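*Asks:* sequence below, structure please.
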Amino acid sequence: MVRTAIAIAALMLSAGGALAQGTALPTGDATAGEQVFKKCTVCHSIGPGATNKIGPELNGVLGRTAGTLPGYNYSQAMKDAGAGGLVWTPETLTKFLTKPRDFVPGTKMTFPGLPNPQDIANVIAYIATFSPDYKPGAAPAAAPAAEPAPATPAQ
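*Replies:* Reported below is the predicted structural model:
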């Protein structure tokens, strides 16, 4: 219930920004999005204990700069997109999930996309429940620090 409220609030705030730009996003339903996300679980995981699979785990993805999750080997195209300023927001995820390879040419993501705008809004609402620190319009979240390499003993 709390996750759904967070997701709805995040989408409402981001939709306000989209309305100001003239493109309204549909309101998403996190419960319905959980069902849509089942299409994603072949490659992605989310929630407690999530790990990288074929694709990166998606906890905290909203507000993150693309291609920056430590421990995942992103395509050069995704790294370049992040270096170029791509941050995952409801708006950018909407564009990406519609046709991933059109939005980030060269991405490793082979999924063709979700054709239904409501499915996209729902899955983003679900993903938002696992991005509790996301604040629309805030600076991108710093990627978590990678584990330091073990020190080599002096010889």
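
*Asks:* using PDB, write out every CA atom in stretch 35-44.
*Replies:* Extracted as PDB, the C-alpha positions of stretch 35-44 are listed here (Å, rounded to 0.1, in the frame of the first residue of the first chain):
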ATOM      1  CA  GLN A  35       2.000  -8.300 -13.700                       C
ATOM      2  CA  VAL A  36       3.500  -6.500 -16.600                       C
ATOM      3  CA  PHE A  37       6.900  -6.800 -15.000                       C
ATOM      4  CA  LYS A  38       6.700 -10.600 -15.300                       C
ATOM      5  CA  LYS A  39       7.700 -10.000 -19.000                       C
ATOM      6  CA  CYS A  40      10.900  -8.400 -17.700                       C
ATOM      7  CA  THR A  41      11.900 -11.100 -15.200                       C
ATOM      8  CA  VAL A  42      13.700 -13.200 -17.900                       C
ATOM      9  CA  CYS A  43      16.400 -10.600 -17.900                       C
ATOM     10  CA  HIS A  44      15.900  -8.300 -14.800                       C
END
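
*Asks:* check the offset of that stretch from the chain's centre.
*Replies:* The chain centre lies 13 Å from the centre of stretch 35-44; the measure is C-alpha atoms, centre = their mean, to the nearest Å.

*Asks:* and that stretch, what's buried?
*Replies:* By neighbour count on 16 or more other C-beta atoms under 10 Å, the buried set for stretch 35-44 is Val36, Phe37, Cys40, His44. (Glycine included, C-beta is placed from N, CA and C.)

*Asks:* one more: stretch 85-96?
*Replies:* For stretch 85-96, by 16+ other C-beta under 10 Å, it's Leu86, Val87, Trp88, Thr89, Pro90, Glu91, Thr92, Leu93, Thr94, Lys95, Phe96.

*Asks:* in helices, which of those fall?
*Replies:* Among those, DSSP state H puts Pro90, Glu91, Thr92, Leu93, Thr94, Lys95, Phe96 in helices.

*Asks:* can you classify the closest residue to the fifth one other than its chain neighbours as helix, strand or coil?
*Replies:* What that stands for is Thr94. Computed as C-beta to C-beta, 6 or more residues apart in numbering, the closest residue to Thr94 that is not its neighbour in sequence is Ile120, at 5.4 Å. Three-state call for Ile120 (DSSP: H, G, I helix; E, B strand; the rest coil): helix.
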